[in-house]
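J.: Fold the following for me, if possible:
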Amino acid sequence: MQVGLNRLVHPELARHVPECRAFYAERGERRGPASLEELREARAEQVAPGGATVELAVDASGQEIPLRIFMPTSTKVQGVYLDIPGGGFTLGPTAGGDARNAALAESLGIAVVSVDYRLAPENPWPAAPADCEAAALWIIDHAEVRFGTTRLAIGGSSAGATLAMTTLLRLRDKGHAHSFAGAVLQFGTYDLSGQTAAGRRIADEYFLTAYVGHVADRTVPDVSPIFGDLRDLPPTLLIVGALDILLEDNLVMAARLSAAGGDVDLRVYPEAPHGFSGHPTGMARAALNDRDSWLAECFTARATSR
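T.: Sure, this is the predicted structure:
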């Protein structure tokens, strides 16, 4: 098999490159909080999310996990998408995430369920993956009655993509390998151990101390899924920018999923850094349109297979 980066970039994306370069040149480089004090400041500046119906999932220990639910207003629900927000395991959902989920629900005619998992450093690993697993099990158990469908998909961006992958591994190991028809992973952080090329680049980031600073072996798959057994997982779409600091880990994740027999669709977007699909650019819109088309096909495939 021969793989070149140029084969992963659609030629039509070139038209968005000038605008993308101009946007990021004006925006400048940005980083996440570098200390607990900066994290608290960032949280204080966040605009609180709103507009969703909130329900509670309850795990085996009695822990309640808030789920933010977005429904289409003009069509029957065609599927359910579990969205796991990013934010370095520390920041949580934002108003922007709610707006994007409401738009996704409307455009595809699906229910979007976003999980408010517990955040570090107050609740470090394994709190977040435990909450995401509980949310996924709630959807598996309640989707048909609550939403009228059993067509399920999962996804997330950045830390959310990491948690989406650990959730799939947990579900597979508990006999739910085929409950979700597909996964959309946007620029995930798949190595928190500092062992891979991308992992070494983020080894000094504060969010690692907050989330897994207490973990002796960070290569366990529930922390760093790139080291996991990736067999028997659903079809996966990976979205990443060519300028993302985590590009290499996304390429490796795609290769490892494929080597494990998975159905993998990897798409790379030129001149795009980490988090680009949440920014107001044509490149971001192209990526989200690709996501929406892939998800629509995913739900259609699940419907015709039943």
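J.: now the protein, which segments are flagged as low pLDDT?
T.: Residues of the chain meeting the criterion pLDDT under 70: 1-7, 95, 302-306.
J.: By residue count, what's the longest helix in this structure?
T.: helix 282-304 (DSSP state H).
J.: can you map out the helices along the protein?
T.: 17-27, 36-45, 95-108, 127-147, 159-173, 197-201, 206-212, 247-259, 282-304.
J.: if you compare these, which one is most tucked away?
T.: When the helices of the chain are scored by mean count of other CB atoms under 10 Å, the highest mean neighbour count falls to helix 159-173 (a mean of 25). From N, CA and C alone the C-beta is placed, and that goes for glycine too.
J.: quick check: angle from that helix to helix 95-108?
T.: 60 degrees (axes from the mean of the first three to the mean of the last three CA atoms, to 10 degrees).
J.: from here on, count from 337
T.: That works, and once the first residue is 337, the last one we named lands at helix 495-509.
J.: Out of the helices of the chain, which is closest to Ala517?
T.: Evaluated over these, closeness to Ala517 peaks at helix 618-640, with 3.9 Å, by CB to CB.
J.: from what I can see Glu551 touches Val559, true?
T.: Just so we're on the same page, residue 551 is Val rather than Glu. Yes. With contact defined as CB atoms under 8 Å, Val551 reaches Val559; the gap is 6.0 Å.
J.: so what sits against both of the two?
T.: Listed as contacting both Val551 and Val559 by CB atoms under 8 Å, 6 or more residues apart in numbering are Trp461.
J.: out of those two, which sits in the more crowded spot?
T.: Val559 (22 against 18; other CB atoms under 10 Å).
J.: Dump the helices of the chain into a markdown table; add distance to Tyr453 as well.
T.: Output for these, formatted as a markdown table (distance: least, CB to CB, whole Å):
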| stretch | distance to Tyr453 |
| --- | --- |
| helix 353-363 | 28 |
| helix 372-381 | 15 |
| helix 431-444 | 13 |
| helix 463-483 | 4 |
| helix 495-509 | 7 |
| helix 533-537 | 22 |
| helix 542-548 | 11 |
| helix 583-595 | 21 |
| helix 618-640 | 21 |
